[in-house]
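A.B. asks: quick one, structure for this:
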Amino acid sequence: MNDQTQNPQAEPKKPAFCSKDEDGKGVGSFTFGNGTVVTLDTNELEEEQKYNLMMHGLWQKVGDSYASAKGDFTLGIAAAQKVCDQLLNNQWTASKGSGGESAPKVGELAQAIANLKGLELAAVNAAVLKATDEQRKAWRKNSAISAEILRLRAEKAAARAQAAESKGEVEFSL
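C.D. replies: Numbers count the residues shown, from 1 in each chain. From the prediction side, this is the model:
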C-alpha cells in the first residue's frame, strides 16, 4: 500500500527544489525538482574562478561556525579557530558522535552554567568548548541547567515578541 491508499488525503511528497551532487572528479550537478539539471565542470574554470570559489567556501564555512555567537567574541573566535584547525587536520566536519552539539547550543549551555554558578561567561565558554560531548550531554541532563536553558529561551522569545509588537508587526483581531 502506498500513502495514498492508507491515507487518501495525504499529499504526494514534493521533490526537493534542488539537489546537489558531485562526481569526485570536479563536476558538480544541480538537479531541480522539475527534472532540469545544471552542471559545472570546475576543471574548465580559470584559476581565478577556482580561487574565488575556494575563498567563498572558506568564508562561508568559517562564517557559519560563528554566526550564532551573537556578539560573544569568546564563543565566535573559539568556533572559528575550531573550524580552521579541523580544516588543517583534513577534517571537513567535526566528529560529533551521538549527542554532539553545535555552537549555538554550546553557547546556550555555557550561559546557563555561568548564570547558575555566578561565573564569568568567557571562562565557562572556554570550559564548555573544551569538554567532551559526553560531558556536555551530562550537563544538559542536569535539571537545574535544563531549567535555566528553558528560562533563557523564554526570555529571548519574550524580547522578540515585545520588539515585534512595538514595531506593529503583531496584528490580530477576531
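
A.B. asks: would you tell me which helix is longest in this structure?
C.D. replies: helix 143-166 (DSSP state H).

A.B. asks: in the helix or strand containing residue 138, what's buried?
C.D. replies: Assigned by DSSP states H and E, residue 138 belongs to helix 133-141. Neighbour-count burial for helix 133-141 flags 136-137, 139-140 (criterion: 16 or more other CB atoms under 10 Å). (Each C-beta comes from the backbone N, C-alpha and C, glycine too.)

A.B. asks: which one of the residues you listed is nearest to residue 172?
C.D. replies: residue 140 (35.1 Å; CB to CB).

A.B. asks: for residue 126, see how far away that closest one is.
C.D. replies: 18 Å (CB to CB, to the nearest Å).

A.B. asks: shaky segments in this protein?
C.D. replies: Where the chain drops to pLDDT under 70, the residues are 1-10, 95-105.

A.B. asks: show me where it has strands.
C.D. replies: 18-22, 27-32, 37-41 (DSSP state E).

A.B. asks: deepest of the ones you listed, which one?
C.D. replies: Most buried of these, by mean neighbour count (mean count of other CB atoms under 10 Å): strand 27-32, with a mean of 14.

A.B. asks: just the residues contacting it, thanks.
C.D. replies: Applying CB atoms under 8 Å, 6 or more residues apart in numbering, the external contacts of strand 27-32 come out as 17-23, 37-43.

A.B. asks: check stretch 141-151 too.
C.D. replies: Contacts for stretch 141-151 (CB under 8 Å, 6+ apart): 108-109, 112-113, 115-116, 139-140.

A.B. asks: quick check: angle from the longest helix of the chain to helix 133-141?
C.D. replies: 70 degrees (axes from the mean of the first three to the mean of the last three CA atoms, to 10 degrees).

A.B. asks: buried residues of helix 143-166, list them for me.
C.D. replies: Here helix 143-166 shows 145, 148-149 as buried, counting by 16+ other CB under 10 Å.

A.B. asks: quick check, nearest of the residues you listed to residue 67?
C.D. replies: residue 149 (19.7 Å).
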